[in-house]
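Visitor: Next one to model:
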Amino acid sequence: MVKYNWCIDAGNSSIKWGVFEDNRLLKCFQFRENPQAEEIKMIEENYPPSQVGYASVRGDLDWLSHAKAREFTAFEIGPFEVDYEKRSEMGVDRLAVAIGAKNYFQNVPAILVVDVGT
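Guide: Predicted structure coming up:
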(Lines give C-alpha, C1' and ligand atoms only; values in the text may rest on other atoms or scores of the structure.)
Protein backbone atom coordinates (compact mmCIF):
# COMPACT_ATOMS: atom_id res chain seq x y z
CA MET A 1 0.00 0.00 0.00
CA VAL A 2 1.27 3.46 -0.92
CA LYS A 3 1.76 5.82 2.02
CA TYR A 4 1.51 9.57 1.67
CA ASN A 5 2.78 12.61 3.53
CA TRP A 6 0.28 15.19 4.67
CA CYS A 7 1.18 18.85 5.18
CA ILE A 8 -1.53 20.93 6.83
CA ASP A 9 -1.54 24.71 7.26
CA ALA A 10 -4.34 25.76 9.60
CA GLY A 11 -4.34 29.50 9.00
CA ASN A 12 -6.59 32.36 10.01
CA SER A 13 -8.89 32.28 7.00
CA SER A 14 -8.68 28.65 5.87
CA ILE A 15 -7.08 25.26 6.28
CA LYS A 16 -4.87 24.10 3.42
CA TRP A 17 -4.14 20.37 3.28
CA GLY A 18 -1.56 18.99 0.86
CA VAL A 19 -1.05 15.31 0.09
CA PHE A 20 2.44 14.42 -1.13
CA GLU A 21 4.11 11.34 -2.55
CA ASP A 22 7.89 11.44 -2.99
CA ASN A 23 8.03 15.25 -2.65
CA ARG A 24 5.35 15.66 -5.34
CA LEU A 25 2.07 17.36 -4.50
CA LEU A 26 -0.73 15.00 -5.54
CA LYS A 27 -3.80 16.65 -4.10
CA CYS A 28 -4.70 19.83 -2.27
CA PHE A 29 -7.78 20.38 -0.13
CA GLN A 30 -8.99 23.66 1.32
CA PHE A 31 -11.50 24.17 4.10
CA ARG A 32 -12.95 27.45 5.39
CA GLU A 33 -13.94 25.78 8.66
CA ASN A 34 -12.58 22.75 10.47
CA PRO A 35 -13.02 19.67 8.28
CA GLN A 36 -15.85 17.32 9.16
CA ALA A 37 -15.24 13.69 10.21
CA GLU A 38 -16.48 12.32 6.87
CA GLU A 39 -14.11 14.63 4.95
CA ILE A 40 -11.15 13.50 7.03
CA LYS A 41 -12.17 9.85 6.63
CA MET A 42 -12.35 10.26 2.84
CA ILE A 43 -8.84 11.77 2.72
CA GLU A 44 -7.43 9.08 5.01
CA GLU A 45 -9.02 6.24 3.02
CA ASN A 46 -7.73 7.58 -0.31
CA TYR A 47 -4.36 8.84 0.95
CA PRO A 48 -3.26 6.90 4.07
CA PRO A 49 -0.48 8.93 5.69
CA SER A 50 2.94 7.79 6.73
CA GLN A 51 3.66 11.26 8.17
CA VAL A 52 1.50 14.22 9.13
CA GLY A 53 3.02 17.66 9.66
CA TYR A 54 1.07 20.79 10.50
CA ALA A 55 1.41 24.43 11.37
CA SER A 56 -1.46 26.26 13.01
CA VAL A 57 -2.52 29.65 14.29
CA ARG A 58 -5.92 28.24 15.27
CA GLY A 59 -6.72 27.16 18.80
CA ASP A 60 -9.16 24.37 17.97
CA LEU A 61 -7.39 21.39 16.46
CA ASP A 62 -9.50 18.62 17.97
CA TRP A 63 -10.23 17.37 14.45
CA LEU A 64 -6.50 16.71 13.93
CA SER A 65 -6.19 13.78 16.30
CA HIS A 66 -4.09 11.61 14.00
CA ALA A 67 -1.46 9.69 15.93
CA LYS A 68 1.24 10.67 13.42
CA ALA A 69 0.54 14.41 13.58
CA ARG A 70 3.52 16.60 14.45
CA GLU A 71 3.50 20.38 14.73
CA PHE A 72 6.15 22.42 12.96
CA THR A 73 7.58 25.40 14.81
CA ALA A 74 9.64 28.37 13.65
CA PHE A 75 12.64 27.04 15.57
CA GLU A 76 12.65 23.66 13.81
CA ILE A 77 12.28 24.81 10.23
CA GLY A 78 15.14 26.06 8.15
CA PRO A 79 18.88 25.97 8.58
CA PHE A 80 19.17 29.58 7.45
CA GLU A 81 19.39 32.98 9.06
CA VAL A 82 16.16 34.89 9.56
CA ASP A 83 16.33 38.67 9.82
CA TYR A 84 13.30 38.91 12.08
CA GLU A 85 13.33 40.54 15.49
CA LYS A 86 11.76 37.55 17.25
CA ARG A 87 11.88 34.32 15.27
CA SER A 88 9.31 32.84 17.67
CA GLU A 89 6.76 35.38 16.39
CA MET A 90 7.36 34.61 12.73
CA GLY A 91 4.74 32.39 11.17
CA VAL A 92 6.07 28.95 10.35
CA ASP A 93 4.13 29.13 7.07
CA ARG A 94 6.43 31.97 5.97
CA LEU A 95 9.49 29.82 6.62
CA ALA A 96 7.92 26.83 4.85
CA VAL A 97 7.34 28.93 1.72
CA ALA A 98 10.97 30.05 1.75
CA ILE A 99 12.18 26.45 2.11
CA GLY A 100 9.89 25.33 -0.70
CA ALA A 101 11.15 28.09 -2.99
CA LYS A 102 14.78 27.26 -2.24
CA ASN A 103 14.13 23.57 -2.91
CA TYR A 104 12.28 24.31 -6.17
CA PHE A 105 14.84 26.84 -7.46
CA GLN A 106 17.99 25.07 -6.29
CA ASN A 107 20.35 26.70 -8.80
CA VAL A 108 19.12 30.26 -8.32
CA PRO A 109 21.41 32.30 -6.03
CA ALA A 110 18.76 34.75 -4.78
CA ILE A 111 15.01 34.28 -4.49
CA LEU A 112 12.32 36.78 -3.54
CA VAL A 113 9.29 35.12 -1.94
CA VAL A 114 6.11 37.11 -1.38
CA ASP A 115 3.69 35.45 1.04
CA VAL A 116 0.45 37.34 1.52
CA GLY A 117 -1.48 35.99 4.48
CA THR A 118 -4.75 37.15 5.95
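Visitor: F105 is in contact with A98, correct?
Guide: No - shown here, A98 and F105 do not form a contact pair, counting by C-beta atoms under 8 Å, at 11.0 Å. Yep, even glycine has a C-beta here, placed from its N, CA and C like the rest.
Visitor: so how many other residues sit close to L64?
Guide: When neighbours are defined as other C-beta atoms under 10 Å, L64 has 20 of them.
Visitor: That one is in contact with W6, isn't it?
Guide: No - under the criterion of C-beta under 8 Å, L64 is not in contact with W6, lying 9.7 Å apart.
Visitor: Find residues that contact each of those two.
Guide: Here L64 and W6 have 52, 54 as joint contacts, going by C-beta atoms under 8 Å, 6 or more residues apart in numbering.
Visitor: When A98 and F105 are compared, which one has more neighbours?
Guide: A98 (17 against 12).
Visitor: Count the residues that sit near I111.
Guide: I111: 10 neighbours (other C-beta under 10 Å).
Visitor: Tell me the pLDDT of it.
Guide: Confidence at I111, expressed as pLDDT, is 84.
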